[in-house]
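Novice: all I have is the shape, not the residue letters:
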Ligand code: NDP
């Protein structure tokens, strides 16, 4: 039995960052614009601190400016909104990302809606979500766009394919569905109340798993030859006590049935940060009314 092709997210994300670096250089040399990304973290969650530092490290690696704002856990909503207002007005900042989740006393929706949609590089503002749903130009959430890039790189033309997305969150499931619809897929969105999830999955040429439940999707749920994109990132302890990162798909089963599959780690994960940088470059070009470079118009 032949095993599925492993879709290498590290490789693709590296290539994307290289082409972004080239465009950032051109933007600086020809237009004297350096894209700037501001990342805001409230609280001292160690995992979030690692994410924020990674985002800023990757941004500076490709020649962007990066601004870190670490705020204490007891920051008030008003203080955070004031910071965002300042970043909205700051011409050196083209992208603003507020790391989620926020402490319980801060309303995340209020914060998301305070970000200037032109600088909303996470693509979570209702303006950008609306643009995606209605087919207009706007900033698209990073993880779904990164997943689509991997799919298109592998399948080239998605038109007419049956796709199922397991998960309907605003940050992954719903925007992923909009993107696949835009590619002319026939899209099913599954969730916790879906009846016969295995049967629904078995009909799909493309399975996108964004559930947040370790290895829930089994190999026997996958149609032979289907393409599987595993968005899930779950930290588990193995029976022998070791820490391990797994996806929402049981990889060792699915790899025997699928035509292609993303691994965890090394699949969708690296794409998320690369697309964040892509979105920051797009925001900078649009804010300065410059044509988008080719690396932004391919997908
Ligand atoms: P959410 O918890 O917001 O959403 C999970 C979705 O899964 C919900 O729609 C829920 O349904 C559905 N669900 C839960 N249990 C079941 C079930 N038994 N059967 C069918 N559907 C179910 O998660 P996110 O969308 O934020 O994240 C999903 C996964 O992706 C997580 O593992 C997360 O860590 C990962 N992730 C990875 C990123 C990356 O960079 N690679 C970025 C963002 C997320 P319902 O709506 O009915 O409750």
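Specialist: Cool, got the structure. The shown structure was predicted, so the numbers you read here are calculated from the model rather than taken from an experiment. Numbering: from 1, shown residues only.

Novice: could you pull out the strands for the stretch 1-150 of the chain?
Specialist: When secondary structure is read from DSSP state E, counting those that start in this stretch, the stretch 1-150 of the chain shows strands at 5-6, 36-42, 65-71, 95-98.

Novice: so which of those gets nearest the ligand?
Specialist: Proximity to the ligand (CB to the nearest ligand atom) singles out strand 95-98 among these, at 12.6 Å. Glycine gets a C-beta too; all of them are placed from N, C-alpha and C.

Novice: mind putting the strands of the stretch 1-150 of the chain into JSON lines with mean pLDDT and distance to residue 50?
Specialist: Conversion of these to JSON lines gives the following (pLDDT from 0 to 100; distance: least, CB to CB, whole Å):
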{"stretch": "strand 5-6", "mean pLDDT": "98", "distance to residue 50": "25"}
{"stretch": "strand 36-42", "mean pLDDT": "97", "distance to residue 50": "10"}
{"stretch": "strand 65-71", "mean pLDDT": "96", "distance to residue 50": "13"}
{"stretch": "strand 95-98", "mean pLDDT": "98", "distance to residue 50": "15"}
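
Novice: format those strands as CSV; extra columns: mean neighbour count and distance to the ligand.
Specialist: Formatted as CSV, the entries for the strands of the stretch 1-150 of the chain read as follows, by neighbours: other CB atoms under 10 Å; distance: least, CB to the nearest ligand atom, whole Å:
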stretch, mean neighbour count, distance to the ligand
strand 5-6, 14, 16
strand 36-42, 24, 15
strand 65-71, 17, 19
strand 95-98, 26, 13
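
Novice: may I see those strands arranged in JSON lines, with distance to residue 248 as well?
Specialist: Shown next, in JSON lines, are these (distance: least, CB to CB, whole Å):
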{"stretch": "strand 5-6", "distance to residue 248": "17"}
{"stretch": "strand 36-42", "distance to residue 248": "26"}
{"stretch": "strand 65-71", "distance to residue 248": "30"}
{"stretch": "strand 95-98", "distance to residue 248": "24"}
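
Novice: so which of the ones you listed comes closest to residue 220?
Specialist: In terms of CB to CB, the element of the strands of the stretch 1-150 of the chain nearest to residue 220 is strand 5-6, at 19.9 Å.

Novice: and that closest one, how far from the chain's centre?
Specialist: Distance of strand 5-6 from its chain centroid, counting by CA atoms, centre = their mean, to the nearest Å, is 21 Å.

Novice: packing partners of that strand?
Specialist: With contacts defined as 3 or more CB pairs under 8 Å, 6 or more residues apart in numbering; DSSP states H and E, the secondary structure elements packing on strand 5-6 are strand 260-261.

Novice: the strand it packs on pairs with which strands, and in what direction?
Specialist: strand 5-6 (parallel), strand 227-230 (parallel) (DSSP bridges).

Novice: what residues does the first one touch?
Specialist: Outside of strand 5-6, the residues within contact range by CB atoms under 8 Å, 6 or more residues apart in numbering are 154, 255, 259-263.

Novice: out of those residues, who's nearest residue 91?
Specialist: The closest of the contacts of strand 5-6, once distances to residue 91 are taken by CB to CB, is residue 262, at 37.9 Å.

Novice: what pLDDT does the closest one get?
Specialist: What the model reports as pLDDT for residue 262 is 98.

Novice: who's in contact with it?
Specialist: Contacts of residue 262 (CB under 8 Å, 6+ apart): 6-7, 9, 150, 228-230, 247, 268.

Novice: one more pass at 6 Å, please.
Specialist: Neighbour list for residue 262: 7, 229-230, 268 [criterion: CB atoms under 6 Å, 6 or more residues apart in numbering].

Novice: would a markdown table of those residues with neighbour count and pLDDT be doable?
Specialist: Converted to a markdown table, these look like this (neighbours: other CB atoms under 10 Å; pLDDT from 0 to 100):
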| residue | neighbour count | pLDDT |
| --- | --- | --- |
| 7 | 25 | 98 |
| 229 | 29 | 98 |
| 230 | 28 | 98 |
| 268 | 30 | 98 |
